[in-house]
Every structure is written in structure tokens, then in C-alpha cells.
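# Generate a structure from the sequence data that follows.
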Amino acid sequence: MGIVSKVRWKAVRPLRHRDYRLLWTGLAVALLGSGLWLVALAWQVIELGGGPVQLSVVTTAYSIGLVVCVLFGGIAADRLSQRSVIIAADTVRGAVLLVVAALALTGWLEIWHLAAGAVLIGAGEAFLIPAYTALVPRLLPQEELLAANGLEGTLRPLAQQATGPALGGLAIAALSPGVAILVAALTYFFSAACVVAMRVRPEPAEAPGESDEAAATGARAMLADLREGWTYVRETRWLLASLLFGTVFVLLILGPLEVLLPFAVRDQLGGGPKDFGLVLAAFGIGGAVGALLISSRSLPRRYLTVMTVMWGVGSLPFVLLGFATDLWVMAAGAAVVGATGSAAMVIWGTLLQRRVPDHLRGRIASLDFFVSLLLMPVSMALAGPAGSLFGVTAVFIVAGVGPAIICFVVIWFGRMPSDELANPLDHEEVDQEPVQDQVVGVDQEPVAAVADSVGASKRISSDA
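All right, here's what the predicted structure looks like:
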């Protein structure tokens, strides 16, 4: 067996395990549903006579549900059965979309119904993501966790950002948004059924008498842990600069992508849901290709600079989305943004694994996730009114040029050139031993990756 074959086998090795295979299959189908929902939501708002402001309200509602519940989702993942939390979250998401689909198909649906449903969908994801993250290490040996993260990282853009939206566009063009929403609901029920079929061992029960003592000290310990994590971020310039840049990136990019892109497709291209789905598919395919390309090479010597420039300068094709009058131009711009954003996220995840101390890694990753989510509703809330006041083209220009300028300020503020030379990293150990199982660290966000954009760029890809 050649080295290439062995590497490929290692990449899919986690799928040998029945429980993980069920979990992964459920995730794949649910991500397709999320992609369907993303396109169906936008076109359902348009069919109801809504514009950018109304779509902004609905997507902001989703973000609020996610932000408000994410910390509670983490607590639930630690205190309850992760399997049960995932089943409940998928069931709730499926039930919500079932109601929305019924209202749409009977002609009773209104914008506020979509907003209410979006809040519950966001809340469901807030509970699902940490539970999923906590469950995967219980299903696989440590040496296979990195391969599992690779499987999931490739799956998200292909399923949620490419195939799902493309199928959603076709379903809406052939039938209606209500039918697409109904199919999305069924995918969540299928995911829940896959998790029900798992035979994962139960979590260790809490010892009697420990809960009261834990409750008394838990709040103080949690605050102390948060302070320690924040102190580390504040004292680590490259990390602080990267997190600050991430929040600005989310603010500038996510709203235009989620809220204004459907109207750019309609008004500039004269297109419909099929064209919108194809643009989102290009974004997802670009993301998958970018992640695979950067992962197949050694980490750049100037890894901090390359990462920041990929996020910043890589956003310039957003300008094309505001001017394009041809579908292929808009799709090409979306593909480049997806590729550079995903490549930067691969480097970012590697830095969290290799440069953040083990005892702080979870808190730093959580802080990254939370801070990114915090500005997601702001971006979505501002995008609609900004598009109405200044025009969609002007907003896309700001979204493309803004990060490209700011990234160089971030590189200077974070002292990145000197830091990356003082702390060299490379992947030589991976190149030298491509077949041997090694525990090289576990990605702290195996499911994220809008939007997670973007943080919320991981969540850029998340459903609205």
C-alpha cells in the first residue's frame, strides 16, 4: 500500500466505528437541511413581500437565539447526557421547521413566524454544538480525533454551503419554499434518529452529595477560569489582535453575505433561488478546496501574516458581488472568498492547538466562538438598513475593502512578523510520518465552521 493510499485510509478511519458513523451520517444529512433552510428562508421572505430589512430581522432573530443560549448549551453539555441533548436539539429544530412549513404551505405564514422560528433554530444549535463537541471524544480513540475533525471540516462546506443550497434552489424553483422547509425539517428528524440508534456508553453518574458542593463553588471557579483566559488573551498580542480582527471581520462580512446577497442575485442578475443556491454552492466548494489545499502543505513560515492577509485581502472579491451582472463572476468571487476564509481558519485552528497552553485551549476557543457570535446579530441587523440607505453595491464595497485595509493594522498591532519568527512552527513531523497515528491535538470546533463564520465566518456558512 502506497503512502497516498495510507493517508487516505487514515482520513476516513473514524468511520469504522459504528456510533461515530451514525453521528457523522446524521450530521451530514442535517447540514444538507441547514443549507436548504438557508435558501428557503431568504426566498420565503421575498415571496411574502419582504426586503432586506425584513430578512435582516429574521436572521438577527436566529443570531440572538444562538448568542443568548450558547453558554447554557455548554453547561448542558457538561451536566447532562450529550446524546440526549443532541436528540432534543435536533427534534426541536425539526419540529419548528415542520410548523413553519405547514404555515407556508397553507398560506398562513407571516414574517414574524419566520423570526420566531429562527430564534428557536438558533437556540437549538446553541445546545447542539457543545454537546456534539463533547460527545465525539467519547466515541473515538484519541489518535483518530484529528481525522474526525478533518472529515467534519470538509463536510460542512460541501453539505451546508454547496449541496444543500443548490438543492434548495432547485426545490424552490420547481416547487416552493414551503416544500424546501419541509424537507429541511425531515433532515433534522433523521439526524435525531441516527443519534437514537447509537449505543454510546452512558456518562459517569455524579457521586451522591457532590452536587451541592459543586454548586457552591462552581460559580466562583467559573469566574476565575474566565478571568484567567481573558488575562492570557490580553497579554498575548497576536491572539488579542486576531480575536479583535475576527470580530470586525464578522461585523463587515456576515450581514452582507446572509442578508443582502439574495437581493444582489435578484436585482443585479435577474436571478432566482436557483442562481442564489449556485452562488452559495460556489462559496462552499471554494471553502472545501481552500481547506484541503492549505492542509496538504506545511504551515507557512509567516503563518500569522499569511492567515491575517488571507482573511483581509481575501475579502476583496466581495466587491465583485456588489457589481457583478453575470452569474459566473458572482460565483467566482464567492468561491475565492470561501477558499481564503477556510484556509485562514485551518491555520487559526492549528495555532489554537499548538500555541495556546493545553489548560487554556478550551477557554480560548470558547472565547473566540462567543465573541464572534456576539457581533453576528449586529452585522445582520445593520446589513438590511445599510443596504436600503446606501445601496447593496456600497455595502459590498465596504465589506470587501474594509478587512483588506484593517488586516495590515492588525499585523502591526499584533507584532506578528517578529512573533512568528520568534516562535517558528512547521508540519515536518506530519510529512515525515504520514501513516503513523499521532495525537497532535484536537480541534476545539469540529462542528463549526460559520460561520463558523466566521467564529462567525464559520457561521457565515451556518443557516439563518
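
# Give me the phi and psi angles of the residue nearest to Ala335 when sequence neighbours are not counted.
Excluding the flanking residues, the one nearest Ala335 by CB to CB, 6 or more residues apart in numbering is Gly286, at 3.3 Å. Heads up, the C-betas are built off the backbone N, CA and C, glycines and all. Main-chain dihedrals, Gly286, degrees, to the nearest 10: phi -60, psi -40.

# Touching, Phe189 and Val96? I think so.
No. Phe189 lies out of contact with Val96 (CB atoms under 8 Å); the separation is 11.5 Å.

# Please name the nearest non-neighbouring residue to Ala42.
Nearest one to Ala42, counting by CB to CB, 6+ apart, is Pro262 at 4.1 Å.

# cool, Val183 as well?
Ranked by CB to CB, 6+ apart and with sequence neighbours excluded, the top spatial neighbour of Val183 is Leu36, at 5.8 Å.

# Could you do Leu321 as well?
Nearest residue to Leu321, sequence neighbours excluded (CB to CB, 6+ apart): Phe396, at 5.0 Å.

# and the one you found, which of the three is it?
Secondary structure, DSSP: H, G, I helix; E, B strand; the rest coil: Phe396 is helix.

# I'd like to know how far it sits from Leu23.
As judged by CB to CB, to the nearest Å, Phe396 and Leu23 stand 38 Å apart.

# Low-confidence ranges, the stretch 151-300 of the chain, go.
Within the stretch 151-300 of the chain, the stretches with pLDDT under 70 are 153, 161, 200-226, 295-298.

# Identify each buried residue in stretch 376-388, please.
Neighbour counts over stretch 376-388 (16 or more other CB atoms under 10 Å) mark 376-384, 386-388 as buried.

# Am I right that His369 is in contact with Val70?
That one is not His; residue 369 is Phe. Yes. Using CB under 8 Å as the test, Phe369 is close enough to Val70 to be in contact (7.2 Å).

# shared neighbours, these two?
Common contact partners of Phe369 and Val70 (CB atoms under 8 Å, 6 or more residues apart in numbering): none.

# circling back to that earlier point, wait, what's in contact with the residue nearest to Leu321?
Counting by CB under 8 Å, 6+ apart, the residues that Phe396 touches are 256, 260, 264, 318-319, 321-323.

# Got the confidence number for it?
Looking at Phe396, its pLDDT stands at 92.

# likewise the one 5 residues further on?
If you check Val401, the pLDDT there is 93.

# Distance check, it against Gly51.
25 Å.

# again with Thr187
29 Å.

# And the two? Which one has more around it.
Higher neighbour count among Thr187 and Gly51: Thr187, with 25 against 14, using other CB atoms under 10 Å.

# hang on, that one packs against Val29?
Yes. Using CB under 8 Å, Thr187 makes contact with Val29 at a distance of 4.9 Å.

# Cheers, nothing more for now.
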